[in-house]
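Trainee: no sequence on this one, just coordinates:
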Ligand SMILES: Nc1ncnc2c1ncn2[C@@H]1O[C@H](COP(=O)(O)OP(=O)(O)OP(=O)(O)O)[C@@H](O)[C@H]1O
Ligand SMILES: [Mg+2]
């Protein structure tokens, strides 16, 4: 489903002519099969978000190739990659970027409108999705009239409404209380079982990692070889440090 082959990435920071090169990822090889839920963990700054941004094509790797569903996406033009992303990926981020002048319902419906889905189907799909995230009664509310956790759930519904085969999530439970977190994890499990949706989830949260079929640990920009030890030993230390 997703193959990351020999990917390295470095950022150039600072003024032109005086850039400093910051290597962030080193020789990443990773394979994710269809229907897997993979938790990506690692200390702050280890390169987790960069890896997800490379897979989704928001940034291009300095070296190496990425294949998604058989397509070498790193060879696509910007425009082709944007189309590919729309058709194959759903995104769950900590910041939700809802459109403030649209109601919860309209925000969720928007990707279906853009896709050109017929009105009756699209109304049904959007309200079903809002119901699945527990917001049926809030359909007519604007983002400014919702709590942070509710806004995040609207953004989750919007990410999932097109039934993307792959969902990339960066700390998706960051601003949720434990009830809402449990509900989101249940939804992830359901979509995975019902539709075979593949999930890549960055998390610092042990409960979230537990829904993963396996865990990939990044350490200083490299994938740490699997050990039998507790993946969270490092994170526990990280929490003390930050
Ligand atoms: N656009 C950028 N320009 C320069 N450096 C960057 C850029 N984005 C990330 N970095 C650097 O790359 C490293 C990895 O960042 P990344 O955001 O991937 O970490 P992360 O594992 O997601 O951390 P966190 O858990 O804090 O979100 C960091 O040292 C960061 O400063
Ligand atoms: Mg990050």
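Mentor: That came through, no problem. Being a predicted model, the structure only gives us computed values, none of them experimental. Numbers count the residues shown, from 1 in each chain. Ligands and ions are numbered 1, 2, ... in the order given.

Trainee: just the helices in the protein please.
Mentor: Ranges of helices in the chain, per DSSP state H, are 48-55, 78-88, 104-115, 119-132, 148-160, 178-195, 206-211, 233-241.

Trainee: which positions within the fifth one qualify as buried?
Mentor: Right, the one you point to is helix 148-160. 149, 150, 151, 152, 153, 154, 155, 156, 157, 158, 159, 160 (16 or more other CB atoms under 10 Å). From N, CA and C alone the C-beta is placed, and that goes for glycine too.

Trainee: what's the angle from that helix to helix 104-115?
Mentor: Angle, helix 148-160 to helix 104-115, by axes from the mean of the first three to the mean of the last three CA atoms, to 10 degrees: 20 degrees.

Trainee: with the second one instead?
Mentor: Direction vectors for helix 78-88 and helix 104-115, defined by the same axes, to 10 degrees, enclose an angle of 120 degrees.

Trainee: helix 78-88: how far from the chain's middle?
Mentor: 16 Å (CA atoms, centre = their mean, to the nearest Å).

Trainee: hmm, back to that, need the winner for burial among the helices of the chain.
Mentor: helix 148-160 (a mean of 23; mean count of other CB atoms under 10 Å).

Trainee: which other helices and strands does it contact?
Mentor: strand 89-92, helix 104-115, helix 119-132, helix 178-195 (3 or more CB pairs under 8 Å, 6 or more residues apart in numbering; DSSP states H and E).

Trainee: adding distance to ligand 1 and mean pLDDT, write the ones you listed out as a markdown table.
Mentor: Below are the helices and strands packed on helix 148-160 laid out as a markdown table (distance: least, CB to the nearest ligand atom, whole Å; pLDDT from 0 to 100):
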| stretch | distance to ligand 1 | mean pLDDT |
| --- | --- | --- |
| strand 89-92 | 14 | 90 |
| helix 104-115 | 25 | 92 |
| helix 119-132 | 27 | 95 |
| helix 178-195 | 18 | 89 |
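
Trainee: compare the ones you listed and give me the one nearest residue 47.
Mentor: Ranking the helices and strands packed on helix 148-160 by their distance to residue 47 (criterion: CB to CB) puts strand 89-92 first, at 18.3 Å.

Trainee: roughly how far is the closest one from the heart of the chain?
Mentor: 5 Å.

Trainee: low pLDDT regions in the protein?
Mentor: Residue ranges of the chain with pLDDT under 70: 94, 227-242.

Trainee: contact residues of it facing ligand 1?
Mentor: With the criterion set to CB under 6 Å from any ligand atom, the chain comes near ligand 1 through 11, 13, 22, 24, 42, 44, 45, 46, 47, 48, 49, 50.

Trainee: repeat that with 8 Å
Mentor: When proximity is defined as CB under 8 Å from any ligand atom, the chain approaches ligand 1 at 11-13, 22, 24-25, 42-53, 59, 170-171, 202, 204, 218, 221.

Trainee: tabulate the helices and strands packed on helix 148-160 (a markdown table), appending distance to residue 65.
Mentor: Below are the helices and strands packed on helix 148-160 laid out as a markdown table (distance: least, CB to CB, whole Å):
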| stretch | distance to residue 65 |
| --- | --- |
| strand 89-92 | 18 |
| helix 104-115 | 28 |
| helix 119-132 | 34 |
| helix 178-195 | 27 |
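
Trainee: do you know which of those lies nearest residue 76?
Mentor: strand 89-92 (13.3 Å).

Trainee: what helices or strands is the closest one leaning on?
Mentor: helix 148-160, strand 166-170.

Trainee: quick one: contacts of that strand?
Mentor: 56, 155-156, 159-160, 162, 164, 166-170, 172 (CB atoms under 8 Å, 6 or more residues apart in numbering).
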